[in-house]
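Asker: Structure, please.
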Amino acid sequence: MQEYFSLFVKSIFIDNMIFAYFLGMCSYLAVSKSVKTAVGLGAAVIFVLFVTVPANYMLDKYLLRPGALSWLSEEYASIDLSFLSFIMFIAVVASMVQLVEMIVEKFAPALYGALGIFLPLIAVNCAILGGSLFMQQKDFPNVGMAATYGLGSGIGWFLAILAIAAIREKITYSNVPGPLKGLGITFIITGLMAIGFMSFMGISLD
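Answerer: Predicted coordinates for the structure are as follows:
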């Protein structure tokens with residue numbers, strides 16, 4: 001249980017998709033103008049990462065990696081389908097994003113309109129694909145670890161966009177120097193927040 005908790009906390013704070021790897025910055029900057037839209041997109045990212053990372057783990061383990069097809073028969077043990085990883089991972093991500101888009105459009109049409117093009121663009125959000133590729137790189141021992149990593153990564157991205165959205169709403173009424181208004185001050189704040197999150201790197205959870 002300790003290893004699950006350690007992975008969960010690390011994926012939120014230490015290996016944060018935004019502040020450690022700067023993945024998903026386009027959506028992070030474009031949709032963080034208000035807390036409401038940030039919460040909606042952040043929740044969608046959590047769901048997509050939580051579903052796609054373990055799903056892609058199963059694909060990788062039982063279909064794509066070298067020798068993965070040995071469960072069918074020994075004669076398939078030499079087959080290597082790893083070259084299909086990108087297209088298969090993206091297909092799974094696109095399917096989940098389409099499901100999220102239909103749910104949001106059905107039950108929260110106002111949020112669907114506010115998110116605009118950035119909701120379907122989750123399918124090409126590099127943080128989403130990055131979650132599956134990092135999962136593949138880390139070579140987790142079971143699907144539970146992969147699901148924990150996906151959930152933690154999603155929550156980390158959610159916290160990042162929620163924090164910057166709250167700050168951007170506040171600085172709307174602040175006396176920001178003209179050349180720094182808009183994305184200028186947002187980039188500066190993001191950099192400062194990334195430095196702050198680096199302080200978690202000194203925490204030992206093992």
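
Asker: which helices and strands does the helix or strand harbouring A110 pack with?
Answerer: In the assignment (DSSP states H and E), A110 maps to helix 109-115. Applying 3 or more Cβ pairs under 8 Å, 6 or more residues apart in numbering; DSSP states H and E, one finds that helix 109-115 makes contact with helix 35-59, helix 85-107. (Glycine included, C-beta is placed from N, CA and C.)

Asker: so of those, which one's packed in deepest?
Answerer: helix 35-59 (a mean of 22; mean count of other Cβ atoms under 10 Å).

Asker: what packs against that helix?
Answerer: helix 85-107, helix 109-115, helix 126-138, helix 143-171.

Asker: which ones are touching W157?
Answerer: N16, M17, I18, G24, Y28, G42, V45, I46, L49, A127 (Cβ atoms under 8 Å, 6 or more residues apart in numbering).

Asker: for the record, mean pLDDT for the one helix or strand E3 maps to?
Answerer: Under the criterion of DSSP H and E, E3 resides in helix 2-9. Helix 2-9 shows an average pLDDT of 91 in the prediction.

Asker: so where is this protein shaky, pLDDT-wise?
Answerer: Along the chain, segments meeting pLDDT under 70 span 204-206.

Asker: run the last query once more with 80
Answerer: 114-119, 121-124, 201-206 (pLDDT under 80).

Asker: State the distance from the nearest residue in space to S82 that is not next to it in sequence to K10.
Answerer: Leaving aside its sequence neighbours, S82 sits nearest to L64 (Cβ to Cβ, 6 or more residues apart in numbering; 5.3 Å). The gap separating L64 from K10 is 25 Å, by Cβ to Cβ, to the nearest Å.

Asker: Repeat that for M25.
Answerer: For M25, the distance to K10 - Cβ to Cβ - is 21 Å.

Asker: sorry, back to before: and the helix holding A110, which residues are buried?
Answerer: Neighbour counts over helix 109-115 (16 or more other Cβ atoms under 10 Å) mark L111, Y112, A114, L115 as buried.

Asker: And the contacts of that helix?
Answerer: V31, S34, K36, T37, G40, L41, E101, V104, E105, L119.

Asker: ok, now which ones touch the fourth one?
Answerer: In other words, T37. Per Cβ under 8 Å, 6+ apart, neighbours of T37: V31, L111, A114, L115, A165.

Asker: do the last one as well
Answerer: Under the criterion of Cβ under 8 Å, 6+ apart, the neighbours of L119 are L41, A44, V97, V100, E101, V104, Y112.

Asker: mind redoing it with 10 Å?
Answerer: 27, 31, 37, 40-41, 44, 97, 100-101, 104-105, 111-113 (Cβ atoms under 10 Å, 6 or more residues apart in numbering).
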